[in-house]
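Enquirer: this one's structure only:
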């Protein structure tokens, strides 16, 4: 039977050429390695760009590829089929890699009767419901690529974090976002650092000037435990019930507004934040219903190589007594949002926040703006952003409060046994 020269056949034949002529050096299986590279390359906005990226990361010499198969593939990339092929690569990369890796007989049998109608359509899958306006709006313009990794990995490739939601056409959309919880945690850290600095206590993650249980309250939102050190210390100060308990909670809220607005677990009880809700930040794109650019245009892949400076260790060669320097360099691939993407979201504030607490929130937003980073890999320059806030509370009252009440706040923290004694 003569093979049909369908679009699917042309694409698979070309990918098979790449697979068979690539300079593969991965430690895992070749099929999984190739599948991961197809997914990485297909995040490009066009089939041509995806093909160039795939050949680059597979280290393929164009001179080793069958020229007729290459020419047929180039023709496909210039037709209306190209978008459907790219869509197919993104969603069925594992199956495609498995097919092209088959032995010659199995590959021929499987691909003889493939039809172009197996290619998925790229019809508009709709958009998400438009987000409502926040009382305090946040915009973050990316000045460098943003890494916000998910738990999903493909070999050494880390994907950007996404969530799945239903569109207005009842289609499941998987869209990128920046977690509001992560933004809340970042503000908590910045406010905690400033508080300790104002009290004359040097902030440190390795040797903090405060006890661990209080460190967890300031920086991590505390821990819930029955009968532990935190529970005993807090109960000794706040009491367990009645009016003493209530008055002590008011004292904590009044002296530590940063804990009051963000909330914390206090041993065996919970101090609720004043209904301060951080919304997720959504990048502007058509699918999030807040922009015109297609979501696939937002992504890029960054390829990092970590090299070890120490050269004094060796390993023996297989089958001999000679030794050679061990290569412990590591290649990492990260899917990021590209420079220029704008993320938008906001904060809901509760009705019971005091003026001082609102001012503390305003200071937290100022610290985020001064810090100017989101996400991971900040030390390598990723995640630099330009923040813009609308309706940001004035921070003057909170800054004056810290300056004028240092002694009282410090004595309070000492009184609940939260300060580490000097060595």
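Expert: Everything's here; your move. All figures in this text were calculated on a predicted structure; none of them were measured in a lab.

Enquirer: Quick one: neighbours of residue 162, just the number.
Expert: Neighbour count of residue 162, defined by other CB atoms under 10 Å: 16. C-beta coordinates here come from the backbone N, C-alpha and C atoms, glycine included.

Enquirer: Check the gap between it and residue 353 for me.
Expert: According to CB to CB, to the nearest Å, residue 162 and residue 353 sit 32 Å apart.

Enquirer: per-residue confidence at the spatially most central residue of the chain?
Expert: Centroid check for the chain by CA atoms, centre = their mean gives residue 148 as the closest residue, at 1.3 Å. At residue 148, the model reports a pLDDT of 92.

Enquirer: In contact with it, which residues?
Expert: Listed by CB atoms under 8 Å, 6 or more residues apart in numbering, the contact set of residue 148 reads 160-161, 176, 178-179, 182, 337, 374-376.

Enquirer: quick one, phi/psi of it?
Expert: Residue 148 adopts backbone torsions of phi -150, psi 80, taken as degrees, to the nearest 10.

Enquirer: measure the residue nearest to residue 22 when sequence neighbours are not counted to residue 111 for me?
Expert: Using CB to CB, 6 or more residues apart in numbering and skipping the chain neighbours, the partner closest in space to residue 22 is residue 58 (4.0 Å). With the distance defined as CB to CB, residue 58 ends up 21 Å from residue 111.

Enquirer: Kindly report the same for residue 192.
Expert: Look at residue 192 and residue 111: by CB to CB, they are 60 Å apart.

Enquirer: Name the residue in those two with the higher neighbour count.
Expert: When residue 192 and residue 111 are compared for neighbours, residue 192 comes out ahead with 22 against 19, by other CB under 10 Å.

Enquirer: which ones are touching that one?
Expert: 203, 218-219, 258.

Enquirer: With neighbour count added, can I get those residues in JSON lines?
Expert: As requested, the contacts of residue 192 are exported to JSON lines (neighbours: other CB atoms under 10 Å):
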{"residue": "203", "neighbour count": "17"}
{"residue": "218", "neighbour count": "25"}
{"residue": "219", "neighbour count": "20"}
{"residue": "258", "neighbour count": "22"}
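
Enquirer: Include pLDDT, secondary structure and distance to residue 212 when you put those into CSV, please.
Expert: Listed next are those as CSV, based on pLDDT from 0 to 100; DSSP: H, G, I helix; E, B strand; the rest coil; distance: CB to CB, whole Å:
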residue, pLDDT, secondary structure, distance to residue 212
203, 92, coil, 14
218, 91, helix, 11
219, 92, helix, 10
258, 94, helix, 18
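
Enquirer: Kindly check the end-to-end length of stretch 199-207 for me.
Expert: The straight-line separation of the ends of stretch 199-207 (CA to CA, to the nearest Å) is 16 Å.

Enquirer: quick one: the helices in the stretch 151-300 of the chain?
Expert: Under the criterion DSSP state H, counting those that start in this stretch, the stretch 151-300 of the chain contains helices at 180-198, 212-220, 229-238, 242-255, 257-262.

Enquirer: Could you identify which of these has the lowest mean pLDDT?
Expert: Ranked on mean pLDDT, the bottom entry among the helices of the stretch 151-300 of the chain is helix 229-238, at a mean of 62.

Enquirer: Nearest approach to residue 142 belongs to which of the helices of the stretch 151-300 of the chain?
Expert: Nearest to residue 142 among the helices of the stretch 151-300 of the chain is helix 180-198; the distance by CB to CB comes to 14.5 Å.

Enquirer: between that closest one and helix 212-220, how many degrees?
Expert: Following axes from the mean of the first three to the mean of the last three CA atoms, to 10 degrees, one obtains 120 degrees for the angle between helix 180-198 and helix 212-220.

Enquirer: Tell me how far helix 180-198 lies from the chain's centre.
Expert: 19 Å (CA atoms, centre = their mean, to the nearest Å).

Enquirer: what does stretch 287-306 give?
Expert: Worked out by CA atoms, centre = their mean, stretch 287-306 lies 12 Å from the chain centre.

Enquirer: now stretch 365-375
Expert: Offset of stretch 365-375 from its chain centre (CA atoms, centre = their mean): 16 Å.

Enquirer: Make 9 the starting number, not 1.
Expert: OK, 9 is where the count begins now, so the last one is stretch 373-383.

Enquirer: List phi and psi for residue 390.
Expert: With angles defined as degrees, to the nearest 10, residue 390 sits at phi -80, psi 150.
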